[in-house]
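> Let's see this in three dimensions:
(2 chains)
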2 protein chains.
Amino acid sequence: MNLLRDLPPSGAGEVVERLAGGDAVRIERIVSRGEASPAGFWYDQDESEWVLLVAGAARLRFEDEAEARMLGPGDCVHIAAHRRHRVDWTDPERPTVWLAIFHTDAEMDQNGPVEKSASRTARST
Amino acid sequence: MNLLRDLPPSGAGEVVERLAGGDAVRIERIVSRGEASPAGFWYDQDESEWVLLVAGAARLRFEDEAEARMLGPGDCVHIAAHRRHRVDWTDPERPTVWLAIFHTDAEMDQNGPVEKSASRTARST
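Model (predicted):
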């Protein structure tokens, strides 16, 4: 599977695909094509969500922040459970591909990176 | 945080950064610069791993498959716990950025996508 290929057709609206998931974690690809959260709508999720913008562009707004965050490829955000947020905008000119990891891990760190280490098994070739 | 920026310096070898994690799930960025698994080495992990190649190129080999898989940006693979695998090659000419999600979810699907649905909260603008 390639997250950037086999995109849903442009007329399909925003499409969510569950890529993998079990009891503790669920991995989804979300493809947006200009969609945004309805006016006045805030997500208020029981699960925490770690989200990566893989391609495209979006504006993510937290209720507890004055300014929306502009996201581009590679940007990632941890959204704690019940932290109210909305998608103000996604690029209407091209697909915006999100990778979302939903989990119920209350111990999840909210900001990264928290730890850095050299790999112990790799070697230079 | 942006997965494609603030990369470790090229002389640092392969660097693993824990971005977030709790009891059930751990999210890591791994930046490789030509590293590969040592000859004869196979990863045999207690945890399952879902991995996305964000940038660069790599060859991932499973012991139970005849051919290595060539991975490019957007490619993702679910690696079940104890499925023996190794990294045969990463591109020495540019950084290879992996996003790895380790989890202990035995119910995790091994192949995706398994479910597709239209978003219920988004609207076209």
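> centroid residue for chain A?
When Cα atoms, centre = their mean is applied to chain A, the residue found nearest the centroid is residue A:51 (2.5 Å).
> That residue contacts residue A:97, correct?
No - here residue A:51 lies out of contact with residue A:97, judged by Cβ atoms under 8 Å, at a distance of 11.1 Å. (Glycine included, C-beta is placed from N, CA and C.)
> can you tell me which residues contact the residue nearest to the centre of chain A?
Residue A:51 sits next to A:76-79, A:98-101 when contact means Cβ atoms under 8 Å, 6 or more residues apart in numbering or on different chains.
> swap the cut-off to 10 Å and go again
A:28, A:30, A:58, A:60, A:71, A:75-79, A:85, A:98-102 (Cβ atoms under 10 Å, 6 or more residues apart in numbering or on different chains).
> Check residue A:50 too.
By Cβ under 10 Å, 6+ apart, residue A:50 lies in contact with A:25, A:27, A:76-79, A:99-103, A:105, A:108-110, A:112, B:19-21, B:25, B:27, B:99, B:101.
> so where's chain A uncertain?
Scanning chain A for pLDDT under 70 picks out the ranges A:107-116, A:120-125.
> redo that, cut-off 80
A:105-125 (pLDDT under 80).
> what about the helices in it?
Using DSSP state H, no helices are found in chain A.
> roughly how far is stretch A:48-67 from the heart of the chain?
From the chain centre to the centre of stretch A:48-67 is a distance of 7 Å (Cα atoms, centre = their mean, to the nearest Å).
> C-alpha coordinates for it, CSV please?
The C-alpha coordinates for stretch A:48-67 follow below in CSV (Å, rounded to 0.1, in the frame of the first residue of the first chain):
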residue,chain,number,x,y,z
SER,A,48,-6.2,10.7,21.4
GLU,A,49,-5.0,11.3,17.9
TRP,A,50,-1.5,11.7,16.4
VAL,A,51,-1.7,13.1,12.9
LEU,A,52,0.8,13.5,10.1
LEU,A,53,0.1,15.6,7.1
VAL,A,54,1.6,13.5,4.3
ALA,A,55,0.7,15.6,1.3
GLY,A,56,-1.2,18.8,0.5
ALA,A,57,-2.0,21.6,3.0
ALA,A,58,-4.4,22.3,5.8
ARG,A,59,-5.2,24.7,8.6
LEU,A,60,-5.9,23.0,12.0
ARG,A,61,-7.4,25.0,14.7
PHE,A,62,-7.5,24.3,18.4
GLU,A,63,-10.2,26.0,20.5
ASP,A,64,-7.6,26.8,23.1
GLU,A,65,-5.2,28.5,20.7
ALA,A,66,-5.8,32.0,19.1
GLU,A,67,-4.3,31.1,15.8
